[in-house]
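1. Sequence first, then the predicted structure, then my questions.
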Amino acid sequence: MAQTGKRDDPFSAFNFLVEIDSVIVAGFSEVGGLDTTTDPIEYRNGNENTTVRKLPGLSKYSNITLKRGYTNSLELWLWRKRVIDGKTLRVSGSIVLLNEARDEALRWNFREGWPTKWTGPAMNAKNNEVAIESLEIAVEHIELEE
């Protein structure tokens, strides 16, 4: 008889929290931009006619995009306005993926984040949708906590 092991289901993408400076700031409907790339540097030795070596170059981190239903809370706009006014406030934060019991499963930490773009809601009298605001945060580092 075959032995069954522990089932390892993937986590649901809708069950997450956003923390900025260790405070849960709001309920967001969407988070994107948790990615990193490293540019390759091509190098060729003079004695190698057909081979190009590829060395790791600079690592880059994409902007994190947060989307939520528009409310009376002006916190995100006021943070963006500080950058516009030349008083940039850099923060650290986390995107926390929860399991079905709403316990922390995975945590992506970012640092030196500041809002590079804020987008207000698109309004259309023919739609029956929630007004959404979007905030793009430039970050200098993202890591998946082990």
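-> Cool, got the structure.
2. use CA for all of it now, contacts and neighbours both
-> OK.
3. buried residues in the strand or helix carrying residue 57?
-> Of the helices and strands defined by DSSP states H and E, residue 57 is found in strand 53-61. With burial defined by 16 or more other Cα atoms under 10 Å, the residues of strand 53-61 counted as buried are residue 61.
4. Identify the residues contacting it?
-> If you take Cα atoms under 8 Å, 6 or more residues apart in numbering as the criterion, strand 53-61 is touched by 34-44, 139-142.
5. From these, which shows the smallest pLDDT?
-> Ranked by pLDDT, the contacts of strand 53-61 bottom out at residue 44, which has 87.
6. nearest to residue 64, of the contacts of strand 53-61?
-> For the contacts of strand 53-61, the minimum distance to residue 64 (Cα to Cα) is 6.3 Å, reached by residue 34.
7. Would you work out how far apart the start and end of stretch 33-46 are?
-> The first and last residues of stretch 33-46 sit 40 Å apart, counting by Cα to Cα, to the nearest Å.
8. next helix or strand past the helix or strand bottoming out on mean pLDDT in the chain?
-> The weakest-scoring helix or strand in the chain, judged by mean pLDDT, DSSP states H and E, is strand 23-24 (a mean of 60). Downstream of strand 23-24, the next assigned helix or strand under DSSP H and E is strand 30-32.
9. Give the pairing partners of the strand holding residue 57; include direction for each.
-> Sheet pairing of strand 53-61 (DSSP bridges) gives strand 36-43 (antiparallel).
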